[in-house]
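Participant: Next input, structure requested:
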Amino acid sequence: MERAMEQLNRLTRSLRRARTVELPEDNETAVYTLMPMVMADQHRSVQELLLNSKFDVNYAFGRVKRSLLHIAANCGSVECLVLLLKRGANPNYQDISGCTPLHLAARNGQKKCMSKLLEYNADVNICNNEGLTAIHWLAVNGRTELLHDLVQHVSNVDVEDAMGQTALHVACQNGHKTTVLCLLDSGADINRPNVSGATPLYFACSHGQRDTAQILLVRGAKYLPDKNGVTPLDLCVQGGYGETCDILIQHHPRLFQTLIQMTQNEELRENMLRQVLEHLSQQNESQYHKILTGLAEVATTNGHKLLR
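Facilitator: Numbers count the residues shown, from 1 in each chain. A predicted model of the protein is given here:
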C-alpha cells in the first residue's frame with residue numbers, strides 16, 4: 001500500500017511538472033511564445049505563462065517595435081488586452097510609426113478594445129508620425145458609432161495631420177455621411193483648409209461624393225478654391241461627376257454660367273465635360289434647354305470673334 005501511494009505521488013508530481021510551462025527568460029524569445037496566444041485571445045494560457053515570469057509586458061519587438069498590447073488591440077483580443085493592462089502595459093506606448101494601441105483599435109473598429117484602453121487612460125489626442133489621431137482612423141473608415149463615443153474625450157476635433165487634414169476632410173472624401181454629421185455636430189470647422197487650401201467641400205468634390213457635398217452645402221459650407229485657384233466645380237468636371245456638379249449648381253446657381261464657359265477650356269478632357277453636361281441635361285426639360293442655349297451663345301460669341 002505504501003509503495004502504491006509513493007508511486008501515485010511520483011506520478012502526480014510528474015504530471016504537474018509536465019503541465020508547468022515556463023516562459024523563456026529573455027524577452028525576445030518570450031514575446032514570440034506569447035504573441036500567437038495573444039492573437040488568438042487565449043488569455044488563460046497567457047495569464048498562466050505570465051504568472052511567475054519576469055517578462056516585461058512593455059517589451060517592444062519586431063521591425064515596427066510594437067508591444068503585445070498593440071497586437072491585442074489590433075486583433076481585437078480584448079481579454080488579453082485587459083490582462084496586459086492589469087499587469088502594467090502602457091496604453092500610450094508608440095511604435096516606430098507613432099501608433100498607439102488605441103490607433104490600431106480605432107483603425108480596425110475594435111470597439112471593446114477601445115473602451116478598455118480608455119478606461120486605462122489611453123490618450124485620444126496622441127498623433128502618429130503622420131499627424132493622424134484615433135479620430136482620423138475612425139473618420140477614414142466611417143465608424144460613426146465609435147467616433148461618437150471617442151469624440152467626447154477629444155480636446156480638438158479639428159486636429160490636423162501632416163497635410164493639414166482633419167477628420168472632417170477624410171470623412172468627406174470617403175463619403176461617410178453619418179460620420180460627417182457627427183463631426184459637424186461636435187464642432188468641426190466646416191471650412192477649414194488643409195496646407196494646400198483645400199476645404200472639406202473641396203475634398204468631397206474631388207472624389208464625387210455628392211451626399212457629403214450636399215450635407216456641407218446645406219450646413220453653409222463656403223465655395224472656396226485651393227491655393228492654386230482650383231475650385232470644387234473644376235474637380236467635378238475633371239472627374240466627370242455630374243451628380244455632384246448638379247448639387248453645386250443647385251446651391252450656387254451662378255456656377256451654371258461658369259460651367260458653360262468651361263467648354264472653351266481646351267485643357268479639359270472633353271469626355272468628362274460631356275458626361276457632366278449630359279447628366280445635367282437629363283434632370284429636367286428646362287435645364288436641357290438652358291444648356292443648349294448657353295452652348296449656342298458660346299458658339300455665337302466664338303463665331304463673331306473669328307469674323308473680326
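Participant: Not including adjacent chain positions, what is the nearest residue to residue 111?
Facilitator: Distances taken as Cβ to Cβ, 6 or more residues apart in numbering place residue 146 nearest to residue 111, at 5.7 Å, with adjacent residues excluded. For glycine as for every other residue, the C-beta is placed from the backbone atoms N, C-alpha and C.
Participant: Report the contact partners of that neighbour.
Facilitator: 106, 109, 111, 114, 138 (Cβ atoms under 8 Å, 6 or more residues apart in numbering).
Participant: Residue 212 and residue 169 touch, don't they?
Facilitator: No. Assessed by Cβ atoms under 8 Å, residue 212 is found out of contact with residue 169, at 10.5 Å.
Participant: what residue ranges in this protein score low on pLDDT?
Facilitator: 1-21, 301-308 (pLDDT under 70).
Participant: Do a quick rundown of the strands in it.
Facilitator: Read by DSSP state E, the chain holds no strands at all.
Participant: How about the contacts made by the residue nearest the centre of it?
Facilitator: Within the chain, one residue has its C-alpha closest to the average C-alpha position: by Cα atoms, centre = their mean, that is residue 140, at 2.3 Å. Residues near residue 140 by Cβ under 8 Å, 6+ apart: 107, 170, 171, 174.
Participant: Check whether the first one really touches residue 143, as I assumed.
Facilitator: No. If you go by Cβ under 8 Å, residue 107 and residue 143 don't touch, sitting 9.2 Å apart.
Participant: the more surrounded of the two?
Facilitator: residue 143 (23 against 19; other Cβ atoms under 10 Å).
Participant: And for the more buried one, nearest residue in space, chain neighbours not counted?
Facilitator: Residue 143's closest residue in space is residue 109 (Cβ to Cβ, 6+ apart), at 5.1 Å.
Participant: I figured the one you found was touching residue 141, is that so?
Facilitator: Yes. Residue 109 lies in contact with residue 141 (Cβ under 8 Å); the separation is 6.6 Å.
Participant: These two: which has the busier surroundings?
Facilitator: residue 141 (19 against 16).
Participant: Quick check: the more buried one vs residue 71, distance?
Facilitator: Per Cβ to Cβ, to the nearest Å, residue 141 is found 20 Å from residue 71.
Participant: try residue 196
Facilitator: Distance from residue 196 to residue 71, by Cβ to Cβ: 37 Å.
Participant: neighbour-wise, which of these two wins?
Facilitator: residue 71 (23 against 13).
Participant: ok, and the closest non-adjacent residue to the more buried one?
Facilitator: residue 38 (5.1 Å).
Participant: residues touching the residue nearest to residue 143, list them.
Facilitator: So residue 109 contacts 138, 141, 143, 146 (Cβ under 8 Å, 6+ apart).
Participant: Residue 97 now?
Facilitator: By Cβ under 8 Å, 6+ apart, the neighbours of residue 97 are 64, 128, 129, 130.
Participant: residue boundaries of the helices in the stretch 151-300 of the chain?
Facilitator: 167-173, 177-185, 200-206, 210-218, 232-239, 242-251, 255-261, 270-281, 285-307 (DSSP state H, counting those that start in this stretch).
Participant: With adjacent residues omitted, what lies nearest to residue 70?
Facilitator: Using Cβ to Cβ, 6+ apart, the closest residue to residue 70 is residue 101 (5.1 Å).
Participant: Number of residues surrounding the one you found?
Facilitator: That count, for residue 101 with other Cβ under 10 Å as the rule, works out to 33.
Participant: Residue 206 too?
Facilitator: 21.
Participant: Confirm for me that it is in contact with residue 239.
Facilitator: Yes. Contact criterion Cβ under 8 Å: residue 206 and residue 239 qualify, at 7.4 Å.
Participant: And residue 27, how close does it get to residue 34?
Facilitator: 10 Å.
Participant: and for those two, which residues touch both?
Facilitator: residue 55.
Participant: more neighbours, those two?
Facilitator: Between residue 27 and residue 34, counting by other Cβ under 10 Å, residue 34 is the more crowded of the two (23 against 18).
Participant: quick one: that one and residue 47 touch, right?
Facilitator: No. In this structure, residue 34 is not within contact of residue 47 by Cβ under 8 Å, at 10.7 Å.
Participant: Tabulate the contacts of residue 97 in TSV, adding columns for neighbour count and distance to residue 178.
Facilitator: Listed next are those as TSV, based on neighbours: other Cβ atoms under 10 Å; distance: Cβ to Cβ, whole Å:
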residue	neighbour count	distance to residue 178
64	11	32
128	19	25
129	12	29
130	13	25
